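Trainee: below is the sequence, then the predicted model.
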Amino acid sequence: MNENPDTRGKKGGGKLLGFFMVLLVLGLGIGIGTLVSDRVDATAPPGDSSLEMQTDGKPVAGEDVLALSRAFEQVSSRMEPAVVNINTQEVIRRPAAPGPDTQDPFFDFFGPFFGPNMMPEQQMRRSLGSGVIVDPKGYIITNNHVVEDATRIKVSLADRREFTAKVVGTDPISDIAVIKISGDKDFPYAKIGNSRSIKVGDWVLAIGSPFNLDQTVTAGIVSAIGRTFPQDSGITQYTQFNDYLQTDAAINPGNSGGPLVNMNAEVVGINSFIHTSSGSSAGVGFAVPAHLFVKVYNQILEKGKVSRGYLGVYYNSLPFTEAMAEYFGVKQGSGVLVTKVIGGNGAADAPGPAAKAGIAAEDVIVEFNGKKVIGVQDFLVAVAEATPGHTVKVKVVRKGQEKVFDVKLDEREFEPEAERSRFRFPEEEAPAKAEIGLEFDNLPGQIQQSLNIDGGALVTSVSPGSLADDAGLVGADQSGNGDIIVEANGAPVRTAQDLLEIVRGLDSGEAVVLKFLRAGRTQSGALESGTLYTSIVIP
């Protein structure tokens, strides 16, 4: 069958077009492959290239973002000199296990010091927290749980100066403590902001020493204000008497006692605890607001303790429902139902403040001291914040009728556990004085021979929490570990008397730089040592 010439031409043209399309696709594929290959190779710069930091980079963020960044920088810079790192030490004494029965010459020397059974050991428990200086005289606000049970409190400033602090007073109920350091000149201090003006969504910074990383700044917003917790919340004891600022600024262990700061560089809260199952920040942190810690601070300085109001009523702890509001004639729909009026601080033989004023069971408290009562927690916080001995107005609804009573408040008494948790140092009226806390003796000949050294002063004991302990010196133990001082301020120390005379020749405030050997046993039992240096400032 013969083909039509026109048909043959069209078929030939189609084949030619298809051929060119194949070439085009191949060309594109090769080009893309080359480009990708070049991009991959570009990850390794040529040998003659180097990296440089940009000095004239232009911002790509908007002006509002840059302004916020600069504000964070300014607030941090202004606040950091007043924020302190707090290290506390608590000495725990416990009997030690009997020492090993060995004929080791090293043990033969230590035997006379420790006897066949080692004397009771002292263990040092250390904890970490933060604080903020609020007065140029050196008064610092922190958390009670940061300093509670401490035998020594060391405060480090941003300029690396260190001080030993004394406790002025503590309040376990609010978890606020006031401590003080003393210096030759005024200390940098922070201003206090108005926590009542804080609104949800306001930017705040949390500053402190999480995980011992001092001067750490985190940013977030105020997540809630006036946050309260019922007595059975299980978070911390006595939270029902406080209200809190909630923030999503990262707060971690070590931030406790540090400030929560507004964008005016003012302290609006003292970071107290986090609500998380992991023990680290989950974006739910709580701070004692300024309106609460200011009152606590002032009372501690003025009276040495904190007083809280007491009304003398039992209340319905279950929700106040709509049906109950209608039943008791409460138009506002909320309040606290009084179930019983009681005596002063629970005393049954004398009427309490509420009973004296005329408040009775089945009254619904809708306003206390000018504040509207929404629920039980609002009521408890309002009563606790009121001043004992002062007369306050309490508005109630009784069978649908509003009545106002003038009530003179008593002082609330807390459980003995809360009172016992308050403590003061024995030297409360005097600045805490540090001690060197170092005991030493001549180095036995066996040890000199083993280490091939010409004498030294063997450290036999270091008092927990002392300057020698802070300097990192370690007392001798039965396993063969111990420090041997061989130089003091460059002078050789061959005997214990050498070290004693050098230290005695120094004045208070002068430093002694110690060169020492840290001796220990290898796995094979051989005695060896390494060289270390430290220093102690004479108290």
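Mentor: Ah, there it is.
Trainee: contacts for stretch 313-324 next, please.
Mentor: The contact list for stretch 313-324, computed with Cβ atoms under 8 Å, 6 or more residues apart in numbering, reads 230, 330, 333-342, 352, 354, 359, 364-365, 375-376, 379. To be clear about C-beta, it is placed using only N, CA and C from the backbone, and glycine gets the same treatment.
Trainee: in that stretch, what's buried?
Mentor: Val313, Tyr315, Phe320, Met324 (16 or more other Cβ atoms under 10 Å).
Trainee: please give the element, helix or strand, for Val296.
Mentor: Assigned by DSSP states H and E, Val296 falls within helix 290-303.
Trainee: same deal with Ala287?
Mentor: strand 285-289.
Trainee: same deal with Ala355?
Mentor: Here Ala355 is assigned to helix 353-357, by DSSP H and E.
Trainee: Val75 now?
Mentor: With DSSP H and E as criterion, Val75 is part of helix 63-79.
Trainee: any of the contacts of stretch 313-324 buried? List them.
Mentor: Judged by 16+ other Cβ under 10 Å, buried ones among the contacts of stretch 313-324: 330, 334-338, 341-342, 352, 354, 359, 364-365, 376, 379.
Trainee: so of those residues, which ones are in strands?
Mentor: Those of the buried ones among the contacts of stretch 313-324 mapping onto strands are Val336, Leu337, Val338, Val341, Val364, Ile365, per DSSP state E.
Trainee: mind putting those in JSON lines, distance to Asp56 and pLDDT included?
Mentor: JSON lines is the format used below for those (distance: Cβ to Cβ, whole Å; pLDDT from 0 to 100):
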{"residue": "Val336", "distance to Asp56": "64", "pLDDT": "94"}
{"residue": "Leu337", "distance to Asp56": "69", "pLDDT": "95"}
{"residue": "Val338", "distance to Asp56": "71", "pLDDT": "94"}
{"residue": "Val341", "distance to Asp56": "75", "pLDDT": "92"}
{"residue": "Val364", "distance to Asp56": "69", "pLDDT": "96"}
{"residue": "Ile365", "distance to Asp56": "66", "pLDDT": "96"}
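Trainee: tabulate those in TSV, adding columns for distance to Pro188.
Mentor: TSV is the format used below for these (distance: Cβ to Cβ, whole Å):
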residue	distance to Pro188
Val336	44
Leu337	50
Val338	49
Val341	51
Val364	50
Ile365	45
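Trainee: nearest to Glu501, of the residues you listed?
Mentor: Val336 (73.3 Å; Cβ to Cβ).
Trainee: how far away is that closest one from Val288?
Mentor: To Val288, Val336 is 24 Å away according to Cβ to Cβ, to the nearest Å.
Trainee: what separates the particular helix or strand that has Asn271 in it from the chain centre, distance-wise?
Mentor: Secondary structure from DSSP H and E places Asn271 in strand 266-274. When C-alpha coordinates are averaged (Cα atoms, centre = their mean, to the nearest Å), strand 266-274 and its chain have centres 10 Å apart.
Trainee: let me see the mean pLDDT of that strand.
Mentor: In this model, strand 266-274 has a mean pLDDT of 92.
Trainee: check Val373 and give its pLDDT.
Mentor: With respect to pLDDT, Val373 has a value of 91.
Trainee: grab the nearest non-local neighbour of it.
Mentor: Leaving aside its sequence neighbours, Val373 sits nearest to Phe379 (Cβ to Cβ, 6 or more residues apart in numbering; 5.0 Å).
Trainee: ok, back up a step: other residues contacting the strand holding Ala287?
Mentor: 174-176, 195, 198, 206, 225, 227, 242-251, 255, 260, 268-275.
Trainee: buried subset of the residues you listed?
Mentor: By 16+ other Cβ under 10 Å, the contacts of strand 285-289 give 174-176, 195, 198, 206, 225, 227, 242-251, 255, 260, 268-274 as buried.
Trainee: so which of those residues belong to strands?
Mentor: Using DSSP E, the buried ones among the contacts of strand 285-289 in strands are 176, 206, 225, 227, 244-247, 260, 268-274.
Trainee: wait, which of those residues is closest to Arg412?
Mentor: Nearest member of those to Arg412, counting by Cβ to Cβ, is Ile176, at 16.5 Å.
Trainee: that closest one contacts Asn298, doesn't it?
Mentor: No. Judged on Cβ atoms under 8 Å, Ile176 makes no contact with Asn298 at a distance of 11.2 Å.
Trainee: how far does stretch 302-316 stretch from start to finish?
Mentor: 36 Å (Cα to Cα, to the nearest Å).
Trainee: now it, how far from the centre of its chain.
Mentor: For stretch 302-316, the distance to the chain centre is 28 Å (Cα atoms, centre = their mean).
Trainee: in it, what counts as buried?
Mentor: Across stretch 302-316, burial judged by 16+ other Cβ under 10 Å covers Val306, Ser307, Arg308, Gly309, Tyr310, Leu311, Gly312, Val313, Tyr315.
Trainee: closest one to Ala386 out of those, please.
Mentor: The closest of those to Ala386 turns out to be Gly309 (Cβ to Cβ; 3.5 Å).
Trainee: how confident was the prediction at Gln54?
Mentor: Value for Gln54, per-residue pLDDT: 76.
Trainee: which SS state does it fall under?
Mentor: coil (DSSP: H, G, I helix; E, B strand; the rest coil).
Trainee: what strand or helix carries Ser524?
Mentor: Using DSSP H and E, Ser524 sits in no helix or strand.
Trainee: gap between it and Ile484?
Mentor: 21 Å.
Trainee: show me what contacts Glu80?
Mentor: Listed by Cβ under 8 Å, 6+ apart, the contact partners of Glu80 are Ala158, Ile207, Gln215, Val217.
Trainee: among these, which ones are buried?
Mentor: Ile207, Gln215, Val217.
Trainee: in the stretch 51-200 of the chain, what spans have low per-residue confidence?
Mentor: Filtered on pLDDT under 70, the stretch 51-200 of the chain yields the residue ranges 90-127.
Trainee: swap the cut-off to 80 and go again
Mentor: Where the stretch 51-200 of the chain drops to pLDDT under 80, the residues are 54-61, 89-127.
Trainee: residue ranges for the helices of it, please.
Mentor: Taking DSSP state H, counting those that start in this stretch as the test, the helices found in the stretch 51-200 of the chain are 63-79, 105-114, 144-147.
Trainee: returning to what we had before: and which of the ones in strands among the buried ones among the contacts of strand 285-289 is nearest Leu51?
Mentor: Closest approach to Leu51 among these (Cβ to Cβ): Ala206, at 34.5 Å.
Trainee: and that closest one, what does it touch?
Mentor: Counted by Cβ under 8 Å, 6+ apart, Ala206 has contacts 217-220, 247, 249-251, 255, 258-261, 271, 285, 287.
Trainee: that one and Lys166, how far apart?
Mentor: 27 Å.
Trainee: and Ile502, how many neighbours does it have?
Mentor: Counted with other Cβ atoms under 10 Å, the neighbours of Ile502 add up to 20.
Trainee: phi, psi of it?
Mentor: Note on Ile502: its backbone torsions stand at phi -70, psi -40 [degrees, to the nearest 10].
Trainee: nearest residue to it other than its sequence neighbours?
Mentor: Ala488 (4.4 Å).
Trainee: how about the one you found: which residues does it bridge to?
Mentor: Ala491, Leu514 (DSSP bridges).
Trainee: correct me, but it touches Phe516?
Mentor: No. Applying Cβ under 8 Å, one finds Ala488 not in contact with Phe516, separated by 9.4 Å.
Trainee: among those two, which residue is more densely surrounded?
Mentor: For Ala488 and Phe516, the more surrounded residue by other Cβ under 10 Å is Phe516, and the numbers stand at 27 against 23.
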